[in-house]
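*Asks:* just the structure for this:
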Amino acid sequence: LKTAIRDENPVVFFEDKMMYKMKGPVPEGEYTIPFGVADVKREGEDITIVATSSMVQVALGAAEMLEKAGISTEVVDPRTTWPLDEKTLVESAKKTSRAIVVDEGYGRYGVAAEIASVIAEGAFYSLDAPVKRMGAMHVPIPFSPPLEDVTVPTEQTVFQAARAMCGKR
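*Replies:* Numbers count the residues shown, from 1 in each chain. Alright, predicted model coming up:
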């Protein structure tokens, strides 16, 4: 948010309400996060999971489950959608040869689709499988929190998709 406020250009900042309840370490002192620089949250060799916003925690949880199943998972948080750090996303997919994009929005016509397209084009010859998009169900998002939670990807659904993509059903 500080980077957005300090930028001289117009900036659209999206807040994910699913993150309001999250707690975690915050650096002491002044810091900003640069636009257009992805963060590799976890290094891995077998599959890349690119996750946005609150789905980063879902991806990290799925990665822990995958590790127990013998699958090394790289988790990448793009942090900004424009500019998008295409280089980091493509290089990660090339390294692992498989990629899943997880977003709490719909899988089509949005952020997940655009990121999947960037990876598919940039890492085409290195991929062992098509890039998979995981997003909200194609239903109106319910107002009820328990029902809303059912409509978005979970650690378990991401784990199952990644395991299948790696040939381990």
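*Asks:* what's stretch 29-43 in contact with?
*Replies:* Stretch 29-43 has contacts (CB atoms under 8 Å, 6 or more residues apart in numbering) with 2-3, 6-7, 56, 59-60, 63, 73-80, 83-85, 88-89, 92. (Each C-beta comes from the backbone N, C-alpha and C, glycine too.)
*Asks:* phi, psi of Val102?
*Replies:* Val102 adopts backbone torsions of phi -120, psi 120, taken as degrees, to the nearest 10.
*Asks:* my read is that it contacts Ala59, right?
*Replies:* Yes - contact criterion CB atoms under 8 Å: Val102 and Ala59 qualify, at 5.6 Å.
*Asks:* joint contacts of those two?
*Replies:* Listed as contacting both Val102 and Ala59 by CB under 8 Å, 6+ apart are 49-51, 158.
*Asks:* tell me which residues in the worst-scoring helix or strand of the chain on mean pLDDT are buried?
*Replies:* Every helix and strand in the chain was compared by mean pLDDT, DSSP states H and E; the lowest is helix 145-151, with a mean of 87. Going by neighbour count (16 or more other CB atoms under 10 Å), the buried part of helix 145-151 is Thr151.
*Asks:* could you point out the longest helix in this structure?
*Replies:* Assignment by DSSP state H gives helix 55-68 as the longest helix of the chain.
*Asks:* so the next helix or strand after it versus helix 55-68, what angle?
*Replies:* Once the chain leaves helix 55-68, the next helix or strand it forms, by DSSP states H and E, is strand 73-77. For strand 73-77 against helix 55-68, the angle by axes from the mean of the first three to the mean of the last three CA atoms, to 10 degrees is 170 degrees.
*Asks:* which parts of whichever helix or strand comes after strand 73-77 are buried?
*Replies:* Next helix or strand after strand 73-77 toward the C-terminus (DSSP H and E): helix 86-96. Under the neighbour-count criterion of 16+ other CB under 10 Å, helix 86-96 has 86, 88-94, 96 buried.
*Asks:* repeat for stretch 66-86
*Replies:* By neighbour count, with 16+ other CB under 10 Å as the criterion, the buried positions of stretch 66-86 are 66, 71, 73-81, 84-86.
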